[in-house]
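J.: need a structure here:
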Amino acid sequence: MMAQQQLQMAQAAPEIHDLREAYRRMYEALEVKNIEGLLKPKKTPEPRTPAQQIQDILQNSKVEAFPGQDHMAHIAALIGFIMHPMIQGMPEFYMNGINGVMSHLNLMAQEQVEMEMQQMMQQMGGQVPPQAQQQLMQQMQVRMAQVESQMLAQVVQQITPPPQPDPMMQMHDKEMQIKMQTEAQKSQDNNARVMADLEKARMQTMQKQREMDLDVVMNEQRIAQNREAAFLNAETARQKTYADLQKEVARSRSMNNG
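T.: Residues are numbered from 1 along each chain as shown. Purely as a prediction, here's the structure:
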């Protein structure tokens, strides 16, 4: 009865239970013979491609890193997957993806530190004295922490969502933008009115100048006409005076001859 309840619980939450083990215990409780022959043999974990790891996440399977893999490629693929808005709304997939990233990051750091230590050992002749082995292990642990910290900082920067804008600040910025646009429009309208007034004043000034110029021309014409009329009058008067004088001379001569 206990084994049956365990199996039911495992079936209800397969992501946190080993179903094979649950069935094995159930069969033991039923006293089934040759249980291992009945169950499928346990699969030996094998390296998975980035696409296969994402498929494993969607099937609620654990993502594991293996030595020799292109860890950077796997990390990039997993980060791209978990940063999708739909996946971020599914905590079980998101956390499984994060665990996969950490698995690759840890193994990548470990392989890098091991390579550095191998190069150090080669420089020391390939052999480490017993008294220096413990110190070397401590250095390896310190270096491991440093490399992991550097890699983790880069990963955290990539998976950290951008800061959400403050709604109040957004509203304030929008109000300020509207106010600035309104002020700019007012300034533009004022400038347009000023320019229109200046143009109107310029046109009025030009009209007055034309009128003044026309008055000057007309005055000059009147002066010239008056001068000409005066000259004609004077000439007429002179000619009349000359004619009268001739008549008077002729009359005097006539009287003298008589």
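
J.: which residues of the stretch 51-200 of the chain score low on pLDDT?
T.: 124, 126-132, 162 (pLDDT under 70).

J.: tell me which stretches of it form helices.
T.: 71-82, 85-88, 91-123, 130-159, 167-257 (DSSP state H, counting those that start in this stretch).

J.: please identify the most buried of these.
T.: When you average the neighbours per residue for each of the helices of the stretch 51-200 of the chain (mean count of other Cβ atoms under 10 Å), helix 71-82 leads with a mean of 19. For every residue, glycine as well, the C-beta is placed using N, CA and C.

J.: hmm, back to that, for Lys43, which of the helices of the stretch 51-200 of the chain is the nearest?
T.: The closest of the helices of the stretch 51-200 of the chain to Lys43 is helix 91-123. By Cβ to Cβ, the value is 17.9 Å.

J.: distance-wise, check Pro167 relative to Lys174.
T.: 10 Å (Cβ to Cβ, to the nearest Å).

J.: to Ser61, which of the helices of the stretch 51-200 of the chain lies closest?
T.: Across those, Ser61 has its closest neighbour in helix 91-123 (8.1 Å, Cβ to Cβ).

J.: okay, angle between that closest one and helix 71-82 too, please.
T.: Interaxial angle, helix 91-123 versus helix 71-82 (axes from the mean of the first three to the mean of the last three Cα atoms, to 10 degrees): 170 degrees.

J.: what's helix 91-123 packed up against?
T.: Applying 3 or more Cβ pairs under 8 Å, 6 or more residues apart in numbering; DSSP states H and E, one finds that helix 91-123 contacts helix 50-58, helix 71-82, helix 85-88, helix 130-159.

J.: now it, how far from the chain's geometric center?
T.: Relative to the centre of its chain, helix 91-123 is centred 33 Å away, using Cα atoms, centre = their mean, to the nearest Å.

J.: any chance of the helices and strands packed on helix 91-123 in CSV, plus distance to Glu248?
T.: Compiled in CSV, the helices and strands packed on helix 91-123 are given as follows (distance: least, Cβ to Cβ, whole Å):
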stretch, distance to Glu248
helix 50-58, 140
helix 71-82, 133
helix 85-88, 129
helix 130-159, 130
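
J.: ok, which of the ones you listed comes nearest Asn96?
T.: helix 50-58 (4.7 Å).

J.: what lies in contact with that closest one?
T.: Helix 50-58 has contacts (Cβ atoms under 8 Å, 6 or more residues apart in numbering) with 48, 62-63, 73-74, 76-78, 81, 93, 96-97, 100.

J.: need the residues you listed in CSV with distance to Gln146, can you?
T.: Shown next, in CSV, are the contacts of helix 50-58 (distance: Cβ to Cβ, whole Å):
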residue, distance to Gln146
Arg48, 29
Lys62, 28
Val63, 25
Ala73, 23
His74, 22
Ala76, 22
Ala77, 26
Leu78, 23
Phe81, 28
Phe93, 31
Asn96, 28
Gly97, 25
Gly100, 23
